[in-house]
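Participant: Following is a predicted model, sequence given first.
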Amino acid sequence: MKTIHEKLNYIQTNLKVKKEKVNSFGGYKYRNLDDIFEALKPLLKETGCVVTVSDEIQEVNGFNYIESTMSLSDGTNTIPVTGWAREAVSKKGMDDSQITGATSSYARKYAANGLFAIDDTADADSMDNRPETLINGKLPKAGHITVDQNVKLERLSRDPKFKGADMQKQVREFINSNPTKEEADAKILKLNTIIKEGK
């Protein structure tokens, strides 16, 4: 009988999710959470596993974050992974519930990316709302942290090496401080070094 980690490895190795959505702002292709779930279902059936998702709202420095936990279970053991996204202060054409729903989708997608080893680094997603969701509700200013740097920092902070949410909280506070690109690069380098060298 395969262990939960062996089943997860099988799913990670065989899960293929094409980027078939097209961003109308930049012409980029991307995948969304529905695409991931549709590709995932046959593998869940094959391995006898189930996926559950739960959300919690966390307040950090006066801003609301959605903390989404996606768990893979075989009925005996469970592997959870957490993803975070920050609610925009406002979003044109959306009411409060729609803003929360959109943020939840991002957080769940990041949790799915982490759990199933999906590389989303090059995704543009919906460029009109991703910066608002991820960088203090505003478009990045010239010379300051970029969306890509923000995504890298969030992903690194969830590495198992850090064992818990403390590093995630530190990284969110760092991002909220509106660091420069150079400061963000230095932080990314530091986290990568800790992960690789085990220090």
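Facilitator: Thanks, I have the structure now.

Participant: what's the weakest-modelled helix or strand in this structure?
Facilitator: Ranked by mean pLDDT, DSSP states H and E, the weakest helix or strand in the chain is helix 130-134, scoring a mean of 40.

Participant: any idea which helix or strand comes after it?
Facilitator: Next along the chain after helix 130-134, taking DSSP states H and E as the criterion, comes helix 147-157.

Participant: helices and strands around that following helix, which ones?
Facilitator: helix 96-116, helix 130-134, helix 166-176, helix 181-197 (3 or more CB pairs under 8 Å, 6 or more residues apart in numbering; DSSP states H and E). C-beta: built from backbone N, CA, C; applies to glycine.

Participant: most tightly surrounded among the ones you listed?
Facilitator: Stretch with highest mean neighbour count among the helices and strands packed on helix 147-157: helix 130-134 (a mean of 22; mean count of other CB atoms under 10 Å).

Participant: need the helices and strands packed on helix 147-157 in a markdown table with distance to Leu153, can you?
Facilitator: Converted to a markdown table, those look like this (distance: least, CB to CB, whole Å):
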| stretch | distance to Leu153 |
| --- | --- |
| helix 96-116 | 12 |
| helix 130-134 | 10 |
| helix 166-176 | 5 |
| helix 181-197 | 6 |
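
Participant: Could you pull out the buried residues of the host helix or strand of Glu46?
Facilitator: Per DSSP H and E, Glu46 falls inside helix 33-47. Applying a neighbour-count criterion of 16 or more other CB atoms under 10 Å, one finds Leu33, Asp35, Ile36, Ala39, Leu40, Leu43, Leu44, Thr47 buried in helix 33-47.

Participant: and which of those is nearest Glu67?
Facilitator: Leu33 (15.7 Å; CB to CB).

Participant: need the contact list for the closest residue to that closest one other than its chain neighbours.
Facilitator: Closest residue in space to Leu33, ignoring its immediate chain neighbours: Lys109 at 4.8 Å, by CB to CB, 6 or more residues apart in numbering. Each residue near Lys109 by CB atoms under 8 Å, 6 or more residues apart in numbering is listed here: Asn32, Leu33, Ile36, Gly83, Asp120.

Participant: Among those, give me the pair with the biggest separation.
Facilitator: Of all pairs in the contacts of Lys109, the most separated under CB to CB is Asn32 and Gly83 at 13.8 Å.

Participant: which one is the residue most central in space within the chain nearest to, not counting chain neighbours?
Facilitator: Note on the chain: the residue nearest the mean C-alpha position is Tyr110, at 2.1 Å, using CA atoms, centre = their mean. Leaving out its chain neighbours, the residue that sits closest to Tyr110 by CB to CB, 6+ apart is Gly83, at 3.2 Å.
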